[in-house]
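mind looking at a prediction? Sequence and model below.
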Amino acid sequence: MTHTATANEPRSRDGKARAKRTTVPKVRLYVERTERQNWFVHVGHVTDRGRWRTEPHAHPAYGQVIFVRSGRGVINLEGSALPFEAPCALLLPTECVHGLDYEIDVDRWVVTIEVAYLAQVNGKLQDFIQLWTAPRMIPLGDMADGGERFYSLVQSLKQESESNAVGHVIGTEALLTTLLLMLVREARLDQTGNEGESRNNVRLVDRFRKLIDQHYRENLPLQDYASMMAVSLVQLRAACTSAGEQSPTKMIRTRIITEAKRNLIFGEMSVEQIAFGLGFADAAYFTRFFRREVGQTPSQFRVAARAQTPQQAQ
């Protein structure tokens with residue numbers, strides 16, 4: 001189906017209308033490659049005079065923390081608008097579909113973390129894993145000098161990550177760990193259970209979530225996931241409950257719905273094509289499944305979401 005640009009569709013900075021993409025853009029690198037070939041943390045500083053907008057996209061190879069030191073705007077997360085105002089941090093996990101609409105004269109710092117290194121750092125503390133399970137807007141103005149303390153950390157991280165001094169890798173890791181710890185404390189994540197047992201449960205659920213990302217289109221029975229993880233169904237369900245997650249079955253359904261919503265909002269495939277792409281043999285069953293989970297049919301959701309999304313950026 002062709003789609004012509006209208007006055008309400010996303011526009012570039014010069015005001016020219018852009019055609020909607022059929023799929024969500026997968027951006028490999030947010031920043032230009034640095035001289036250091038094997039970078040694992042990059043800190044960039046962006047200041048723009050005037051309004052700045054980015055279309056919805058995803059980063060498959062890294063996570064990001066965007067520190068908004070001054071200004072405000074709206075972030076579009078999977079089709080839902082979330083306003084933000086400085087000082088705050090926008091935490092964006094890998095594969096999170098997001099678009100940003102910054103208002104006038106926003107000062108922001110972008111911390112980009114390579115995905116394998118992020119997993120290594122997250123392994124230090126169960127709360128880090130929990131922190132990255134979903135995109136978040138974390139206000140930093142509720143504590144005294146919170147924004148300036150975070151700004152100082154970001155500046156130190158930038159300096160250390162670009163340094164060639166002895167121990168710069170250890171120094172970078174220490175500063176990044178401190179930065180994430182500050183975000184964990186400000187996000188006020190739920191604390192559950194015995195620390196050792198809880199840590200194991202969070203890690204197990206994190207493994208389960210990664211397997212879901214790999215296989216959610218295949219309509220696998222829950223037992224297959226448990227077998228791949230070498231745990232029983234009872235253990236898997238207990239871990240999800242302990243870690244404060246949804247039931248395993250609900251987690252799989254939620255992942256399918258998330259992908260369906262992305263395709264409906266940002267793509268041009270028909271409902272039938274989306275259904276088949278998500279492993280449904282029957283588009284009618286997909287429609288019933290979607291309506292049960294979302295409260296609207298796929299077609300109704302697409303119309304409502306697209307009517308709302310352009311207005312969020314105005």
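On my side now, so go ahead.

drop to CA atoms for contacts and neighbour counts, all remaining ones
Noted.

would you confirm that residue 205 contacts residue 239?
Yes. The pair residue 205 / residue 239 is scored as a contact, 6.6 Å apart, by Cα atoms under 8 Å.

sheet-wise, list the partners of whatever helix or strand residue 112 lives in with their directions.
Per DSSP states H and E, residue 112 falls inside strand 106-114. As defined by DSSP bridges, the strand partners of strand 106-114 come to strand 41-48 (antiparallel), strand 62-70 (antiparallel).

tell me the most buried of those?
Most buried of the strands paired with strand 106-114 by mean neighbour count (mean count of other Cα atoms under 10 Å) is strand 62-70; its value is a mean of 22.

need the residues that contact that strand.
With contacts defined as Cα atoms under 8 Å, 6 or more residues apart in numbering, strand 62-70 is touched by 85-94, 105-115, 118, 147, 151.

ok now it, how far from the chain's centre?
In this view, strand 62-70 has its centroid 12 Å away from the chain centroid, taken as Cα atoms, centre = their mean, to the nearest Å.

quick check: next helix or strand after that strand?
Per DSSP H and E, the first helix or strand lying C-terminal to strand 62-70 is strand 72-77.

in which helix or strand would I find residue 57?
Residue 57 belongs to strand 52-57 when elements are defined using DSSP H and E.

cool, residue 249 as well?
Residue 249 belongs to helix 248-266, assigned by DSSP H and E.

for stretch 203-214, the distance to its chain's centre please.
Distance, stretch centre to chain centre, for stretch 203-214: 15 Å (Cα atoms, centre = their mean).

go on, stretch 137-154?
In terms of Cα atoms, centre = their mean, the centre of stretch 137-154 is set 21 Å apart from its chain centre.

show me which parts of it are buried, residue by residue.
Across stretch 137-154, burial judged by 16 or more other Cα atoms under 10 Å covers 137, 138, 139, 140, 146, 147, 150, 151, 153, 154.

so the nearest residue to the third one once chain neighbours are set aside bridges to which residues?
Just to be clear, that refers to residue 139. Computed as Cα to Cα, 6 or more residues apart in numbering, the closest residue to residue 139 that is not its neighbour in sequence is residue 88, at 4.3 Å. Going by DSSP bridges, residue 88 is paired in beta bridges with residue 68, residue 139.

which ones are touching residue 88?
Residue 88 makes contact with 67, 68, 69, 137, 138, 139, 140, 141, 147 under the criterion Cα under 8 Å, 6+ apart.

closest to residue 221 among those residues?
residue 137 (34.3 Å; Cα to Cα).

the closest one is in contact with residue 93, isn't it?
No. Under the criterion of Cα under 8 Å, residue 137 is not in contact with residue 93, lying 11.9 Å apart.

residue contacts, residue 255?
Residues counted as contacts of residue 255 (Cα under 8 Å, 6+ apart) are 212, 213, 216.

from those, which single one is nearest residue 176?
residue 213 (26.3 Å).

for that closest one, what is the enclosing helix or strand?
Counting by DSSP H and E, residue 213 is found in helix 195-215.

return that helix as CSV; C-alpha atoms alone will do.
What follows is helix 195-215, C-alpha atoms only, in CSV (Å, rounded to 0.1, in the frame of the first residue of the first chain):
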residue,chain,number,x,y,z
GLU,A,195,19.6,-11.3,48.0
GLY,A,196,21.4,-14.4,46.7
GLU,A,197,18.2,-16.2,45.6
SER,A,198,16.7,-13.1,44.2
ARG,A,199,19.9,-12.4,42.1
ASN,A,200,19.7,-15.9,40.6
ASN,A,201,16.0,-15.5,39.8
VAL,A,202,16.6,-12.2,38.1
ARG,A,203,19.4,-13.7,36.0
LEU,A,204,17.2,-16.7,35.1
VAL,A,205,14.4,-14.4,34.0
ASP,A,206,16.9,-12.4,32.0
ARG,A,207,18.0,-15.5,30.1
PHE,A,208,14.3,-16.4,29.6
ARG,A,209,13.6,-12.9,28.1
LYS,A,210,16.6,-13.3,25.7
LEU,A,211,15.2,-16.7,24.6
ILE,A,212,11.8,-15.1,24.0
ASP,A,213,13.4,-12.5,21.8
GLN,A,214,15.0,-15.2,19.7
HIS,A,215,12.0,-17.6,19.4
